[in-house]
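Engineer: what shape does this take:
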Amino acid sequence: MSLPDGLAAAAAPVAPIPRGDDGAPVFSAPWEAQAFALTLALHERGLFTWKEWASALAEEIKRAQAAGDPDDGSTYYRHWLATIERLAAAKGVASEAALAERREAWHRAAHATPHGLPILLENDPLARA
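Structural biologist: Got it, this is the predicted structure:
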């Protein structure tokens, strides 16, 4: 089974990957595809099993729904990204503080990037300081 197929099979019982008419994954924004690819790469490097991934994703979705998530599919990859972050922290790959700082850097970079241009961490005003 290929890595993408393994990921799809693991996610299917808890949160099936959105797919187009051709069966390929559908992403609303480039970052969603990047999160998908990052998950494949982390699994390939042995950070987690597909069973661990599915369990962590299910927990993240339940947590979000308990907090009022709209459960309409619009936040699917936000849960996906939060799951990657939780697993990375739990496995000691990145600390919670490092993840929080990176989120803030992206937020600052997004606000400093002119509309229509790619958001780059180099656009973070504090990166130049």
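Engineer: domain parsing for this structure?
Structural biologist: Listed domain ranges for the chain are 3-94, 96-129 (source: automatic domain parsing).
Engineer: those helices in this structure, which residues are they?
Structural biologist: With helices called from DSSP state H, the chain shows them at 3-11, 30-44, 50-66, 76-90, 96-112.
Engineer: of those, which is nearest P118?
Structural biologist: Ranking these by proximity to P118 (C-beta to C-beta) places helix 30-44 first, at 8.6 Å. Every residue, glycine included, has its C-beta placed from N, CA and C.
Engineer: can I get the CA coordinates of that closest one in PDB?
Structural biologist: Extracted C-alpha coordinates of helix 30-44, given in PDB (Å, rounded to 0.1, in the frame of the first residue of the first chain):
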ATOM      1  CA  PRO A  30      -1.700  25.100  -0.900                       C
ATOM      2  CA  TRP A  31      -1.000  24.900   2.900                       C
ATOM      3  CA  GLU A  32      -3.500  22.000   3.100                       C
ATOM      4  CA  ALA A  33      -1.600  20.000   0.500                       C
ATOM      5  CA  GLN A  34       1.600  20.800   2.300                       C
ATOM      6  CA  ALA A  35       0.100  19.500   5.600                       C
ATOM      7  CA  PHE A  36      -0.900  16.400   3.900                       C
ATOM      8  CA  ALA A  37       2.600  15.900   2.400                       C
ATOM      9  CA  LEU A  38       4.200  16.700   5.800                       C
ATOM     10  CA  THR A  39       2.100  14.000   7.400                       C
ATOM     11  CA  LEU A  40       3.300  11.500   4.800                       C
ATOM     12  CA  ALA A  41       6.900  12.500   5.400                       C
ATOM     13  CA  LEU A  42       6.700  12.300   9.100                       C
ATOM     14  CA  HIS A  43       5.100   8.800   8.900                       C
ATOM     15  CA  GLU A  44       7.800   7.700   6.400                       C
END
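Engineer: I am finished for the moment; much appreciated.
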